[in-house]
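> turn this into a model:
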Amino acid sequence: MKKDRGFTYIEIIISVVLVLGISYLSVFYYEKLREKQDIQRAKTLILNIFSEYTSEAFDTENDFDIKIEHSQKRVKVLDMGRVKKEEQLPEKLKYSSVFDNEMVEKLDVKVTKHGNITPSFSLYIFGYDDIVKYRISFYGFDKIRFLKINVYRNLSDKKWKYKNLMLYHKKFNPNSIHWRTE
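Alright, predicted model coming up:
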């Protein structure tokens with residue numbers, strides 16, 4: 001009577017393949033989860049800064065300057081030339097703004113004492129894959145003196161990449177099945 005004292009070569013290979021497969025899936029899932037968290041954090045941070053300082057400008061009748069530096073991934077709020085607040089955006093994402101039909105890497109926004117902004121612009125947040133995940137459009141209206149923010153989430157349009165942003169910015173349709181207004 002012979003006793004089996006170990007695993008066969010095939011059993012070891014199958015075990016190793018299973019462990020590697022599960023490891024790969026968990027790393028992929030973790031990376032996607034981290035990207036979603038970074039995107040949500042960036043969107044929330046940008047919206048909160050504009051909401052907070054347009055409200056404060058209206059309440060205190062004070063002007064603010066908001067400087068968006070895309071390559072440094074930084075947003076600064078200045079009060080009379082002094083930095084009042086500085087926020088760092090998530091590092092692995094890309095950002096760009098479109099102003100006056102041009103892609104700009106740095107944008108200076110004036111928040112007026114009426115709680116309005118000038119100029120109106122769109123800010124794009126790109127995922128790790130360089131595909132646009134969010135378009136946040138800021139509109140200032142002089143006559144009625146309020147800030148309007150439209151947030152659009154990309155559901156499935158994989159063509160909107162960093163390198164061809166301007167082509168798609170001009171063709172943007174918020175009613176497209178690929179985009180959802182939030």
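
> now E69. Nearest residue, chain neighbours left out?
Distance criterion Cβ to Cβ, 6 or more residues apart in numbering; nearest residue to E69, sequence neighbours excluded, is K106 at 5.4 Å. In short, each C-beta sits where N, CA and C put it, glycine included.

> list the residues that contact that neighbour.
Counting by Cβ atoms under 8 Å, 6 or more residues apart in numbering, K106 touches K67, I68, E69, H70, S71.

> what is the burial count for T54?
T54 has 23 neighbours, counted by other Cβ atoms under 10 Å.

> any idea how far it is from G140?
9 Å (Cβ to Cβ, to the nearest Å).

> circling back: among the contacts of K106, which two are most distant?
The distance between the two most remote of the contacts of K106 (Cβ to Cβ) is 12.4 Å, for K67 and S71.

> roughly how far does V132 sit from E31?
V132 sits 19 Å away from E31, taking Cβ to Cβ as the criterion.

> of those two, who's got more company?
More crowded of V132 and E31, by other Cβ under 10 Å: V132, with 26 against 12.

> pLDDT at the more buried one, what is it?
Note on V132: pLDDT of 96.

> who does the host helix or strand of it touch, helix- and strand-wise?
Element membership of V132, judged by DSSP states H and E, is strand 132-141. Counting contacts by 3 or more Cβ pairs under 8 Å, 6 or more residues apart in numbering; DSSP states H and E, strand 132-141 is packed against helix 9-60, strand 117-118, strand 121-126, strand 146-154.
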